[in-house]
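**Student:** With the input below, show me the fold.
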Amino acid sequence: MSVDHGVTKQPQVQPPSLKAVAGDIVIVWDQPELKDSNLDDWWMGEIICVESSARNPKTPSLFQIADVESGVIRWVNADCIQRVRMPLNQARSKVVPIS
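**Tutor:** A predicted model of the protein is given here:
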């Protein structure tokens, strides 16, 4: 009996950290395996610096992130970022004054 082992395409789901740049607001989990849980082991921060991977310079692997509550600056693995939010600078520039 023959079995078809054709090529199957996996959906290309890109992690949110691929498009992250300095100034973005992100949600960071202390442990990446807890991303979809209901636990409160996360914090919000602003990306200060992005370091690329040695294997692929176009892929970010480490982020220097400032905690928005405490101001503490931490190095974070790209796997720990769940969502990338709009940078604060862009949000302020889109505000239209009411006359």
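
**Student:** C-alpha only now, for contacts and for neighbours.
**Tutor:** Fine.

**Student:** so what pLDDT did Val50 get?
**Tutor:** pLDDT recorded at Val50 is 91.

**Student:** same check, this time on Asn77
**Tutor:** pLDDT at Asn77 comes out at 90.

**Student:** For it, grab the count of nearby residues.
**Tutor:** Applying other CA atoms under 10 Å, we find 19 residues neighbouring Asn77.

**Student:** again, but for Ala54
**Tutor:** 10.

**Student:** helix/strand/coil for it?
**Tutor:** Ala54 carries the three-state label coil when classified by DSSP: H, G, I helix; E, B strand; the rest coil.

**Student:** can you pull out the helices in the chain?
**Tutor:** 88-93 (DSSP state H).

**Student:** residue contacts, Thr59?
**Tutor:** 18, 52-53 (CA atoms under 8 Å, 6 or more residues apart in numbering).

**Student:** Tabulate those in CSV, adding columns for distance to Val72.
**Tutor:** Formatted as CSV, the contacts of Thr59 follow (distance: CA to CA, whole Å):
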residue, distance to Val72
Leu18, 23
Ser52, 22
Ser53, 24
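
**Student:** quick one: which of the residues you listed is nearest to Arg74?
**Tutor:** Ser52 (16.2 Å; CA to CA).

**Student:** can you pull the contacts of the nearest residue to the closest one once chain neighbours are set aside?
**Tutor:** Once flanking residues are discounted, Ser52 sits nearest to Pro60: 4.2 Å by CA to CA, 6 or more residues apart in numbering. Neighbouring residues of Pro60 by CA under 8 Å, 6+ apart: 17-18, 50-53, 78.

**Student:** Name the nearest of the residues you listed relative to Val68.
**Tutor:** Val50 (17.2 Å).

**Student:** Pull the number of nearby residues for the closest one.
**Tutor:** 20.

**Student:** Any figure for the gap between it and Leu62?
**Tutor:** Separation of Val50 from Leu62 (CA to CA, to the nearest Å) stands at 6 Å.

**Student:** Run a quick neighbour tally on the nearest residue to Ala78 once chain neighbours are set aside.
**Tutor:** Among residues not flanking Ala78 along the chain, Ser61 sits closest, at 5.0 Å (CA to CA, 6+ apart). For Ser61, the neighbour count with other CA under 10 Å is 18.
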